[in-house]
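# Give the three-dimensional model of this entry:
(2 chains)
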Protein chains: 2
Amino acid sequence: MSDAPVGGRTAPSVTTYPDDLQNLVERCLGGLRFATIPETEGLDEAMRYSLLAGGKRIRPVLALATARSLGAEPESVLPAATAIELIHTYSLIHDDLPAMDDDELRRGRPTSHVMFGENVAILAGDGLFAEALHLFTERQRGAPAAVLAALGELLGAVGVDGMVGGQYMDVTTSLPAVSSSPAPATAGSEAADRLRRLHALKTGRLIAASVCVVLALEGVAEPETIPYRRFADELGVLFQIVDDILDVTGSDEELGKPRGSDERHGKVTYVSVFGLERARELAGESHRKAQEALSAVSGDPRDLSQIADFIYTRHA
Amino acid sequence: MSDAPVGGRTAPSVTTYPDDLQNLVERCLGGLRFATIPETEGLDEAMRYSLLAGGKRIRPVLALATARSLGAEPESVLPAATAIELIHTYSLIHDDLPAMDDDELRRGRPTSHVMFGENVAILAGDGLFAEALHLFTERQRGAPAAVLAALGELLGAVGVDGMVGGQYMDVTTSLPAVSSSPAPATAGSEAADRLRRLHALKTGRLIAASVCVVLALEGVAEPETIPYRRFADELGVLFQIVDDILDVTGSDEELGKPRGSDERHGKVTYVSVFGLERARELAGESHRKAQEALSAVSGDPRDLSQIADFIYTRHA
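Numbering: from 1, shown residues only, chains lettered A, B, ... in the order given. This is a model prediction of the structure:
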């Protein structure tokens, strides 16, 4: 376990990552084709353009790592893991749209609507969402009741009480443009509470679902689920704090888009609400809590611990 | 069974419709709430604004009617039927967006993006799609394997090989603006084939799924499914031909939007490809084939027959 500070003043130590699981995800994503007739091949191309833009595949790797920690073959939950990455990609395409964040770069490449036009980008998102769930229902093996329960976990994390609701909060909440040294909020303030709720929905729930979907597939019941869920929730918080810090401290190359986009969009972030130093402390606390939760899981938490370290120390 | 010509030169006979099933759907939709925290109530409002805009609820009524024809209680498939209407509503919101058809009126009311802004409209569509499937997984009773199979039917009809793919074909295919009397295409021409494929995906598959999802839920197997599927496929074709005719012959009030929007958008329609007279003949043929298919179903096809008559003779 590394405790190098995030976006740090000292270089983070080299963190290992379950590369074998990432490779498994990448191979599966690379093999996907959605179009069955020539007329929809352009849509297929747009969907795969965003899907195959790289990245560490944190969500599906988390799902596969959860399976391995429970003693199951990672491959056995690959369709569910892949579905989660498709849904994440759909959300990025829609978030980048002109009517939303109007971002023109992601991972150093033009965003979907810049490449294919706004109409195709909307449909590429819609298509990824539908195909994610189709893949889940058609290819995920397991007892049908367990597959249904897992789908329910995932869909709850994606709807109004999850990712879509969080994005709604995000686009309808604009802070007045803040100075680079805002007065830090206190932990219990209204701004802090709202920030936590927004991110718990927008990013936290899908990250947590990456763990919880696998618990459902593997038929894990309480109380065994409790430390996993605690870990998953904390990891979602950690991810967002680090993301907010990196938007301020990362280089354009590392971020794959211009630094400071949150501030330009007037976004409510951990940095805008708490200030950079306090945000770094919060990341450290969150990382510690995630690792503590792992110490109570019944299985082997090594991959999951590596993922938490990676998220804490990542550059972009 | 009525055989009054569609959009007709003679007044269509008064057609009965399974109003009790429509009422059941309307009550269920009216009771839906999606937000669980105050911050997402605005999204909930936008979703319900489009969902509760009225209409005959043809897709969910078709699902309930299929259940009744098989001797099952219509209420037993109400979650699945409701999910289908949510998905239909999501597709309308996204189709109306400025980047797509840029329509400002639907059912005589401002479209979602006009009322709530483009960002909220995109998210209202996304939210309806997610909540549709969440509702399906959480509330639809039945053997888990049957519920999963039914979900698979629905999702196949919604993705790249269905509704979203059809919409992609629609926005990426523009005919040169046609005169009001185009040279009618022959049935086997390339334009006619493309038109059929486009609409089979864009509208046909969700209409057909409204029947097929219930077959899956009720565990109906081949060969009993065959006449139902034949009916469902033909009904999708009939629906689209009539829709295209009404866009030319209906009044603005009946349509709830300005007449002739297909032509202004340069859409490929049955009227633009075949001409109005031939489109009317095709509607008559399609109606006849749908009713013929019904004569072979093992159950009681009365409601389904009424729905086919209603679609054939409807004004808007």
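# Show me the shaky parts of the stretch 51-200 of chain A.
Within the stretch 51-200 of chain A, the stretches with pLDDT under 70 are A:174-188.
# how about the strands of it, start to end?
Secondary structure of the stretch 51-200 of chain A (DSSP state E, counting those that start in this stretch): strands at A:105-106, A:109-110.
# so what does the first one touch, helix or strand wise?
Judged by 3 or more C-beta pairs under 8 Å, 6 or more residues apart in numbering or on different chains; DSSP states H and E, strand A:105-106 is in contact with no other helix or strand. Yep, even glycine has a C-beta here, placed from its N, CA and C like the rest.
# do that again at 10 Å, thanks
Under the contact definition 3 or more C-beta pairs under 10 Å, 6 or more residues apart in numbering or on different chains; DSSP states H and E, strand A:105-106 sits against helix A:78-96, helix A:112-116, helix A:252-255.
# got the contact list for that strand?
A:50, A:53, A:55, A:92-93, A:95-96, A:111-112, A:114, A:252, A:255-258, A:261 (C-beta atoms under 10 Å, 6 or more residues apart in numbering or on different chains).
# same check, this time on the last one
For strand A:109-110, the surrounding residues in contact (C-beta under 10 Å, 6+ apart) are A:49-50, A:53-54, A:96, A:103-104, A:115-116, A:256-257.
# Of those residues, which ones also sit close to chain B?
When the contacts of strand A:109-110 are checked against chain B using C-beta under 10 Å from any C-beta of the partner chain, the ones in range are A:F116.
# Apart from its chain neighbours, what residue comes closest to the residue nearest the centre of chain A?
What sits nearest the mean C-alpha location of chain A, by C-alpha atoms, centre = their mean, is A:I207, with 5.1 Å. In space, and not counting its chain neighbours, A:I207 is closest to A:G236: 4.1 Å by C-beta to C-beta, 6 or more residues apart in numbering or on different chains.
# quick one: that neighbour and B:D96, what's the gap?
34 Å (C-beta to C-beta, to the nearest Å).
# more neighbours, those two?
Taking neighbours as other C-beta atoms under 10 Å in any protein chain shown, A:G236 and B:D96 compare with A:G236 leading, 27 against 23.
# how near is the more buried one to chain B?
To chain B, A:G236 is 17 Å away according to C-beta to the nearest C-beta, to the nearest Å.
# Burial check on the closest residue to chain B within the stretch 201-316 of chain A, number of neighbours?
With C-beta to the nearest C-beta, the shortest gap between the stretch 201-316 of chain A and chain B falls at A:L201, namely 7.8 Å. Around A:L201 there are 28 other residues, counting by other C-beta under 10 Å.
# show me the contacts for it.
Contact partners of A:L201, counting by C-beta under 10 Å, 6+ apart, are A:157, A:159-170, A:236, B:36-37, B:39-40.
# Then A:Q167?
Taking C-beta under 10 Å, 6+ apart, we find A:Q167 in contact with A:91, A:94-95, A:100-101, A:198, A:201-203, B:43, B:119, B:122-123, B:126-127.
# hang on, the earlier thing: mind giving me the ChimeraX command for buried ones among the contacts of A:L201?
The buried subset of the contacts of A:L201, as determined by 16 or more other C-beta atoms under 10 Å in any protein chain shown, is captured in ChimeraX by this line:
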select /A:157,159,160,161,162,163,164,165,166,167,168,169,170,236 /B:39,40
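# So which of the contacts of A:L201 are in helices?
Judged by DSSP state H, the subset of those located in helices is A:157, A:163-170, A:236.
# What is the nearest of those residues to A:R229?
Distance to A:R229 across the ones in helices among the contacts of A:L201 (C-beta to C-beta) is lowest for A:G236, with 10.9 Å.
# My read is that that closest one contacts A:R230, right?
No - if you go by C-beta atoms under 10 Å, A:G236 and A:R230 don't touch, sitting 11.2 Å apart.
# hey, what's in contact with both of these two?
Taking C-beta under 10 Å, 6+ apart as the contact rule, A:G236 and A:R230 both touch A:208, A:290.
# for the residue lying closest to A:G142 once chain neighbours are set aside, what are its contacts?
Leaving aside its chain neighbours, A:G142 sits nearest to A:L217 (5.3 Å; criterion: C-beta to C-beta, 6+ apart). By C-beta under 10 Å, 6+ apart, the contact set of A:L217 is A:63, A:66-67, A:70, A:72, A:76-77, A:79-80, A:140-143, A:146-147, A:149-151, A:153.
# tell me, how many neighbours does the closest residue to A:D300 other than its chain neighbours end up with?
Spatial nearest neighbour of A:D300, excluding adjacent residues (C-beta to C-beta, 6+ apart): A:S69 at 5.3 Å. Using other C-beta under 10 Å, the number of residues around A:S69 comes to 22.
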